[in-house]
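Q: Coordinates for the following, if possible.
(one chain, ligands or ions: 1)
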Amino acid sequence: MSARNSSETARVIPEATVARLPVYLRALTALSESGIRTCSSEELATAAGVNSAKLRKDLSYLGSYGTRGVGYDVEYLRYQIAREIGVTQDWPVVIVGIGNLGHALANYSGFRSRGFRVVALLDADPERHDELVAGVAVQPFDDLESIVEEHGVAIGVIATPALAAQNVADRMVAAGISSILNFAPAVLTVPEGVDVRKVDLSIELQILAYHEQRKAHGAQGSLPDGVADGVPEVTEAAL
Ligand SMILES: NC(=O)c1ccc[n+]([C@@H]2O[C@H](COP(=O)([O-])OP(=O)(O)OC[C@H]3O[C@@H](n4cnc5c(N)ncnc54)[C@H](O)[C@@H]3O)[C@@H](O)[C@H]2O)c1
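A: Numbers count the residues shown, from 1 in each chain. Alright, predicted model coming up:
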């Protein structure tokens with residue numbers, strides 16, 4: 001197993017590989033928690049649900065090749081992946097919009113265990129202010145700028161209605177936030193250098209529905225009316 005040197009740190013890892021790194025991290029954490037010290041690429045690939053050739057290729061971007069006959073050192077590989085995706089460091093996060101979804105997100109313990117610390121919950125509705133959610137008091141949205149400055153927040157989560165999302169994103173960016181996780185069914189416009197990830201569970205469900213439909217009609221080898229090209233139209237409907 002080879003450690004990366006500083007020149008390799010700047011190497012660009014393909015986006016698809018970056019998206020799989022948290023999956024490997026989760027699988028390695030499970031292996032570590034069951035007391036497993038080393039694992040083969042096949043074992044790790046099975047635990048992560050990918051094929052082992054893809055896993056070896058992904059890990060090679062991190063300079064991690066395993067040791068022939070021994071495999072990967074679980075703890076070291078965990079450390080390497082965590083360092084690569086930046087979760088060895090503490091990331092202060094703000095969540096804006098503390099309604100149904102905001103409450104669920106604020107109560108999710110998995111953020112903290114992965115290095116994401118929710119430092120503030122912000123909402124525009126005064127009726128929500130001062131409510132304690134997972135031990136954090138909901139504050140006025142207008143406190144955004146001072147909170148971002150005080151805690152050095154780089155990541156913001158938007159859980160407001162779609163109509164408010166662009167304004168919230170603009171305020172986040174102006175305050176210095178450069179990464180946004182957007183749950184609102186709205187397409188956000190942000191300046192270059194700001195990363196936006198959109199999460200939409202209804203799209204995930206629609207993709208599953210598409211596969212269900214394919215399974216149901218696969219036997220006849222035909223597709224239902226209105227799905228001429230086999231790809232159903234994906235709408236931005238909220239759940
Ligand atoms: N991505 C997904 O999979 C998914 C799943 C569920 C809900 N959603 C979306 O998440 C959003 C929230 O859903 P919900 O059910 O929690 O709604 P909700 O109405 O319960 O909560 C929205 C909260 O946002 C606050 N808010 C409104 N405008 C604001 C502003 N300008 N600044 C700060 N706070 C503001 C409201 O006061 C309210 O507390 C919606 O856009 C919904 O469509 C997405």
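Q: Name the residue of this protein that lies nearest to the ligand.
A: Here the residue of the chain nearest the ligand is Gly99; by Cβ to the nearest ligand atom that distance is 1.7 Å. (Glycine included, C-beta is placed from N, CA and C.)
Q: Do you know the pLDDT at that residue?
A: What the model reports as pLDDT for Gly99 is 98.
Q: Just give the closest residue to it, not the sequence neighbours.
A: Using Cβ to Cβ, 6 or more residues apart in numbering and skipping the chain neighbours, the partner closest in space to Gly99 is Ala159 (6.8 Å).
Q: What separation do you get for that neighbour and Trp91?
A: 17 Å (Cβ to Cβ, to the nearest Å).
Q: of these two, who's got more company?
A: Ala159 (25 against 18; other Cβ atoms under 10 Å).
Q: Can you pull the phi and psi angles for that one?
A: Note on Ala159: backbone dihedrals following degrees, to the nearest 10 are phi -130, psi 40.
Q: so what's it up against?
A: Residues counted as contacts of Ala159 (Cβ atoms under 8 Å, 6 or more residues apart in numbering) are 95-99, 101-102, 105, 183-184.
Q: so can I have a markdown table of the residues you listed showing neighbour count and secondary structure?
A: Converted to a markdown table, these look like this (neighbours: other Cβ atoms under 10 Å; DSSP: H, G, I helix; E, B strand; the rest coil):
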| residue | neighbour count | secondary structure |
| --- | --- | --- |
| Ile95 | 28 | strand |
| Val96 | 26 | strand |
| Gly97 | 25 | coil |
| Ile98 | 25 | coil |
| Gly99 | 13 | coil |
| Leu101 | 20 | helix |
| Gly102 | 23 | helix |
| Leu105 | 21 | helix |
| Phe183 | 23 | coil |
| Ala184 | 25 | coil |
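Q: farthest-separated two in those?
A: Using Cβ to Cβ, the contacts of Ala159 span at most 13.5 Å, a distance reached by Ile98 and Ala184.
Q: that older thread, model confidence for the residue nearest to Gly99, exactly?
A: pLDDT, Ala159: 98.
Q: picking up where we left off before, for the residue of the chain closest to the ligand, give its distance to Val93.
A: 17 Å.
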